[in-house]
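A.B. asks: this one's structure only:
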């Protein structure tokens, strides 16, 4: 399935909570929406799951990392996954 993979999005901790990450993400998602594409991303921070849900992402998979106690990975999708 053709899709975009959002590899990395980061905002310096001192600048978080000011809408910078949302503006960066919205710009990319505008392009994705114009092209009618699905987007996939992964996060290892549970707090980010709420952030990405605000932009239409849904958790597709949640898995612990073997041998790394306490570390989890959330795979998230946005868009038409039935393409």
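C.D. replies: Sure thing, it's come through. All values reported here derive from a predicted model rather than from experimental measurement.
A.B. asks: mind listing the helices for the protein?
C.D. replies: Secondary structure of the chain (DSSP state H): helices at 20-35, 46-53.
A.B. asks: shaky segments in the chain?
C.D. replies: Low-confidence segments of the chain (pLDDT under 70): 81-83.
A.B. asks: And the strands in it?
C.D. replies: 3-6, 38-43, 58-64, 72-78 (DSSP state E).
A.B. asks: Would you mind giving those as JSON lines with mean neighbour count and distance to residue 24 added?
C.D. replies: All C-beta spots, glycine's among them, are computed from the backbone N, C-alpha and C. As requested, the strands of the chain are arranged in JSON lines below (neighbours: other C-beta atoms under 10 Å; distance: least, C-beta to C-beta, whole Å):
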{"stretch": "strand 3-6", "mean neighbour count": "15", "distance to residue 24": "10"}
{"stretch": "strand 38-43", "mean neighbour count": "19", "distance to residue 24": "13"}
{"stretch": "strand 58-64", "mean neighbour count": "12", "distance to residue 24": "20"}
{"stretch": "strand 72-78", "mean neighbour count": "18", "distance to residue 24": "15"}
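A.B. asks: wait, which of these is closest to residue 14?
C.D. replies: Taking C-beta to C-beta, strand 38-43 is the member of these nearest to residue 14, at 20.4 Å.
A.B. asks: For the closest one, which strands pair with it and how are they oriented?
C.D. replies: Partners of strand 38-43 in the sheet, by DSSP bridges, are strand 3-6 (parallel), strand 72-78 (antiparallel).
A.B. asks: for the shortest one, the distance to its chain's centre please.
C.D. replies: Mean C-alpha position of strand 3-6 versus that of the full chain (C-alpha atoms, centre = their mean, to the nearest Å) differs by 9 Å.
A.B. asks: Equivalent analysis for the last one, please.
C.D. replies: Per C-alpha atoms, centre = their mean, the displacement of strand 72-78 from the mean C-alpha position of its chain is 7 Å.
A.B. asks: how close does residue 6 sit to residue 23?
C.D. replies: Counting by C-beta to C-beta, to the nearest Å, the gap from residue 6 to residue 23 is 15 Å.
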